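1. this one's structure only:
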């Protein structure tokens, strides 16, 4: 199952959201603890879909929840133009869905160097944004596994839509290694499996250095050779050996061949398996009228791949540790 229509459960989910604290950022840990309790009361079909996806994922590498509660467009605030969100901003329905759905999967995590160490991120177009930033709009945001270079890489990226782009042209592209793997020749699989390759990092993690170079190492394929995890970033992965460059090129083409386009509309929540996919976003044209595309993003960690050591709490913020 890749798409789950939740519209039949909208009233129940709206009631569940009403039981959460109204201003989540005043006490985010407490808010997410409450969401963890409520996650046990999700409608059975939704709970089963999340548990199944959390246990073994799927071939496509994502789960799309449709028809979740969302405010009418006129009732929403203006699309933000700055970050982080005000601490006193009241809870939005899609933020509530990110809370309970995320807690069913694992622990919400913030990253010290990213977005002022906040856990909830507003994703919106911003003029003059860096080309590697999610705030770009009129250029392609290239395929990337989110923070593949980070030891505490999130297991899931959750994107919830409160407001779509005006022309509904923006697509989130997802490329699954489970679909791409059969397209890779055996020698390419062998070359890339468990092989650390130099990797640069996003601007937020560069410590104020403009061009620090490849300060991390990322394995493009790792884990179970028959069902590997993926570490891939089209802009940041920087292989030097000609054989590595060629193997990464073959992997890139395979991911392009299997990519799927997901067009997010209000009430959608997209769960991306960040250990088995790479994702991107196609360009769109903002109008700067307060009604531009507005997504909400959270990162979820679980005990997959030794990501947790014990004692972590939803809402914790972690420091950057590059992979080597």
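-> In hand now; what should we look at? Remember, predicted model here, so these are calculated numbers, not experimental data.
2. Looking at the protein, which helix is longest?
-> What stands out as the longest helix in the chain, according to DSSP state H, is helix 242-258.
3. which helices and strands does that one pack with?
-> strand 141-144, strand 172-176, helix 177-180, helix 186-192 (3 or more CB pairs under 8 Å, 6 or more residues apart in numbering; DSSP states H and E). The way it works is simple: take the backbone N, C-alpha and C, and place the C-beta from them, glycine included.
4. out of those, nearest to residue 41?
-> Closest approach to residue 41 among the helices and strands packed on helix 242-258 (CB to CB): strand 172-176, 29.0 Å.
5. between the closest one and helix 242-258, how big is the angle?
-> 120 degrees (axes from the mean of the first three to the mean of the last three CA atoms, to 10 degrees).
6. All the helices of the stretch 1-150 of the chain, in order from the start?
-> Ranges of helices within the stretch 1-150 of the chain are 10-17, 28-39, 44-56, 93-105, based on DSSP state H, counting those that start in this stretch.
7. Tell me which of those helices approaches residue 208 most closely.
-> helix 28-39 (26.7 Å).
8. the bottom helix or strand of the protein by mean pLDDT?
-> strand 141-144 (a mean of 91; mean pLDDT, DSSP states H and E).
9. Give me the helices and strands touching it, please.
-> helix 242-258, strand 277-281.
10. can you list contacts of it?
-> Strand 141-144 is contacted from outside by 132-134, 173, 175, 232-236, 252, 255-256, 259, 278-281, using CB atoms under 8 Å, 6 or more residues apart in numbering.
11. Mind checking which of those are buried?
-> 132, 134, 173, 175, 232-234, 236, 252, 255, 259, 278-281 (16 or more other CB atoms under 10 Å).
12. out of those residues, who's nearest residue 195?
-> Nearest to residue 195 among the buried ones among the contacts of strand 141-144, with distances taken as CB to CB, is residue 232, at 12.8 Å.
13. Please look at the closest one and residue 254 and confirm they touch.
-> No. If you go by CB atoms under 8 Å, residue 232 and residue 254 don't touch, sitting 10.5 Å apart.
14. quick one, what contacts residue 227?
-> Contacts of residue 227 by CB under 8 Å, 6+ apart are residue 178.
15. hmm, 10 Å instead?
-> 56, 57, 177, 178, 181, 276 (CB atoms under 10 Å, 6 or more residues apart in numbering).
16. Kindly provide the distance from the third one to residue 31.
-> Put plainly, it is residue 177. 34 Å (CB to CB, to the nearest Å).
17. In this structure residue 172 contacts residue 271, no?
-> No. Residue 172 is beyond contact range of residue 271, at 11.4 Å (criterion: CB atoms under 10 Å).
18. intersection of neighbour lists for these two?
-> With CB under 10 Å, 6+ apart, residue 172 and residue 271 have common neighbours 62, 64, 157, 159.
19. Name all residues that make contact with the second one.
-> In this case it means residue 64. So residue 64 contacts 1-5, 159, 172, 174, 262, 264, 268-272 (CB under 10 Å, 6+ apart).
20. how about a cut-off of 6 Å?
-> 3, 270 (CB atoms under 6 Å, 6 or more residues apart in numbering).
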